[in-house]
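J.: Just the structure for this:
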Amino acid sequence: MVQSRTVHMHPAAVMLAITAGASVAGILGMLLAVPLTAAATGCWGAAEPVRVGDGRPEAPEAPDAPHGPGA
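T.: Numbers count the residues shown, from 1 in each chain. Below is the predicted model of the structure:
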């Protein structure tokens, strides 16, 4: 499973992608299945929302300042 190491995917996910690609589009589907699955996985990971309490520092709150003209 050289391709699974290259795209950092579990070998079972690679086999599932190849099987699905073959059933949808034959040989061309098998060739495109792993790169498309890897791209979709990368996009999903990048689009995942930031969770509260994930270890990242929170933005500091702005101090209360007077508002309006002449304040």
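J.: Break down this structure into its helices, ranges please.
T.: Using DSSP state H, the helices of the chain run over 2-6, 11-47.
J.: Can you pull out the low-pLDDT segments for this structure?
T.: Along the chain, the model assigns pLDDT under 70 to residues 1-5, 48-71.
J.: which of the helices of the chain is buried the deepest?
T.: Among the helices of the chain, helix 11-47 has the highest mean neighbour count (mean count of other Cβ atoms under 10 Å), at a mean of 14. (Each C-beta comes from the backbone N, C-alpha and C, glycine too.)
J.: Mind giving me the packing neighbours of it?
T.: Judged by 3 or more Cβ pairs under 8 Å, 6 or more residues apart in numbering; DSSP states H and E, helix 11-47 is in contact with helix 2-6.
J.: Tabulate the CA atom coordinates of stretch 27-36 in CSV.
T.: What follows is stretch 27-36, C-alpha atoms only, in CSV (Å, rounded to 0.1, in the frame of the first residue of the first chain):
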residue,chain,number,x,y,z
ILE,A,27,-10.7,1.8,-14.5
LEU,A,28,-10.7,5.6,-14.6
GLY,A,29,-12.6,5.7,-11.4
MET,A,30,-10.0,3.4,-9.8
LEU,A,31,-7.2,5.7,-10.9
LEU,A,32,-8.9,8.9,-9.6
ALA,A,33,-10.5,7.5,-6.4
VAL,A,34,-7.6,7.8,-4.1
PRO,A,35,-6.4,11.3,-5.1
LEU,A,36,-10.0,12.6,-4.9
